[in-house]
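In: Below are the sequence and a predicted model; questions follow.
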Amino acid sequence: MQPTVSLTQDQIDFYHQNGYLALPSITSADEVAWLRGIYDRLFESRAGRERGDQFDLGGADEEGKAAVLPQILTPVRYAPELKEGLFRVNALQVARQLLGPDVIPQGEHAIFKPPRYGAPTPWHQDEAYWGEQMLYNSFSMWIPLQEATLENGCMQFIPGSHRGEIVPHHSIGHDVRVHGLEMDLPPDASKAVACPTPAGGCTIHQNRTMHYAGPNRSDVPRRALIIGFGIKPIPYSGPPRDFYWNKMKQTAREERAKAATATTKNPT
């Protein structure tokens, strides 16, 4: 399968200058419908729950309580058919244009915002979730499987924020049971650029770009599939830094992941 998307030099320059980019199409309407069917099945079955891959990104992840921001890590693990598709071919083409020939896939996840009560994704930087010992050059490609609007929670970015350092974060609501992070001091929202995106389009943002997605106040689910690409990380050699907010977490997701790992290593 050959790619059908190729960036212009202006688009490449815009990404490097601003830390984000929006594209109107990364796949076909037929493939969006196919992806949406798989996506809905995974969330309806809470695929990966027992091993900690499915959890509430925006809440305490308590059993019996409706998740306000459900997420599934590595959805391809539970739907191997996602390994193929035009969206992947085009995503790799774009990644090579933005980061060069040595780019590699760096994980993926899916975030679901239920209609009417889906929570906002607070202002944060993706690298704040990662280890402080490494230096990254990567991006996340965010693909909506229905039109993404201001009403249902499209992506918003602070242009140029990727050129700064990682700022202090904390668990959402200062609740260490919550996996999701938010910045201690959110940026000036008047500087944010909202990016409404058609179904099957995408936004792309660098690992330090400050970004946000609002709540879903619409009557339809907001579905997003996120694919990461980057250059192989190298050891960080700058001033000492400490992502202490990750070490403070006490999440049910992490406990399930540890239990699943222990069972795998020591089967009964």
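Out: Thanks, I have the structure now.
In: only C-alpha atoms for contact and neighbour calcs from this point on.
Out: Noted.
In: which regions of the protein sit below the pLDDT cut-off?
Out: 264-268 (pLDDT under 70).
In: 50 instead, please
Out: Under the criterion pLDDT under 50, no range of the chain is flagged.
In: What segments of it are strands?
Out: 20-23, 54-56, 70-73, 104-113, 121-124, 134-144, 155-157, 169-171, 181-183, 193-195, 202-206, 211-213, 222-235 (DSSP state E).
In: can you list the ones you listed in a markdown table and add distance to residue 82 and mean neighbour count?
Out: Shown next, in a markdown table, are these (distance: least, C-alpha to C-alpha, whole Å; neighbours: other C-alpha atoms under 10 Å):
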| stretch | distance to residue 82 | mean neighbour count |
| --- | --- | --- |
| strand 20-23 | 21 | 22 |
| strand 54-56 | 17 | 27 |
| strand 70-73 | 13 | 24 |
| strand 104-113 | 11 | 20 |
| strand 121-124 | 25 | 23 |
| strand 134-144 | 14 | 22 |
| strand 155-157 | 23 | 24 |
| strand 169-171 | 31 | 22 |
| strand 181-183 | 28 | 22 |
| strand 193-195 | 25 | 18 |
| strand 202-206 | 17 | 26 |
| strand 211-213 | 25 | 23 |
| strand 222-235 | 11 | 20 |
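In: which stretch among the ones you listed comes nearest residue 64?
Out: strand 54-56 (11.9 Å; C-alpha to C-alpha).
In: Contacts for that closest one next, please.
Out: 46-49, 61, 67-73, 178-179, 253 (C-alpha atoms under 8 Å, 6 or more residues apart in numbering).
In: again with stretch 231-245
Out: Here stretch 231-245 makes contact (C-alpha under 8 Å, 6+ apart) with 99, 102-104, 128, 131-138, 168-171.
In: before we move on, what about stretch 180-189?
Out: Residues contacting stretch 180-189 (C-alpha under 8 Å, 6+ apart): 57-59, 122-125, 128-129, 158, 167-172.
In: Against residue 112, how distant is residue 43?
Out: 8 Å (C-alpha to C-alpha, to the nearest Å).
In: Ok, residue 5 next?
Out: Distance from residue 5 to residue 112, by C-alpha to C-alpha: 26 Å.
In: go on, residue 209?
Out: 21 Å.
In: Tell me which residues touch the residue nearest to residue 2 when sequence neighbours are not counted, please.
Out: Nearest non-adjacent residue to residue 2, counting by C-alpha to C-alpha, 6 or more residues apart in numbering: residue 89, 7.0 Å away. Residue 89 makes contact with 1-3, according to C-alpha under 8 Å, 6+ apart.
In: filter those residues to the buried ones?
Out: residue 3 (16 or more other C-alpha atoms under 10 Å).
In: From the contacts of residue 89, pick the one nearest residue 38.
Out: Taking those together and measuring to residue 38 by C-alpha to C-alpha, the closest member is residue 1, at 20.9 Å.
In: What residues does residue 135 make contact with?
Out: Here residue 135 is in contact with 233-236 (C-alpha under 8 Å, 6+ apart).
In: That should have said residue 91, apologies.
Out: Contacts of residue 91 (C-alpha under 8 Å, 6+ apart): 26, 141.
In: related to what we said a few turns ago, please dump the strands of the chain into TSV; it should also carry distance to residue 11 for every row.
Out: Output for the strands of the chain, formatted as TSV (distance: least, C-alpha to C-alpha, whole Å):
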stretch	distance to residue 11
strand 20-23	7
strand 54-56	34
strand 70-73	29
strand 104-113	21
strand 121-124	24
strand 134-144	15
strand 155-157	16
strand 169-171	30
strand 181-183	28
strand 193-195	15
strand 202-206	11
strand 211-213	19
strand 222-235	17
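In: Quick one: closest of these to residue 30.
Out: Comparing these by C-alpha to C-alpha, strand 134-144 comes nearest, at 13.9 Å.
In: Indicate each strand paired with that closest one and its parallel or antiparallel sense.
Out: Paired with strand 134-144 in the same sheet, following DSSP bridges, are strand 202-206 (antiparallel), strand 222-235 (antiparallel).
In: Contacts made by the shortest one with the rest, please.
Out: Outside of strand 202-206, the residues that reach it under the criterion C-alpha under 8 Å, 6+ apart are 15, 19-26, 137-144, 155, 162, 195, 197.
In: again, but for stretch 117-129
Out: So stretch 117-129 is contacted by 58, 68-69, 112-113, 153, 166-167, 169, 172, 181-183, 186-187, 207-217, 243, 246 (C-alpha under 8 Å, 6+ apart).
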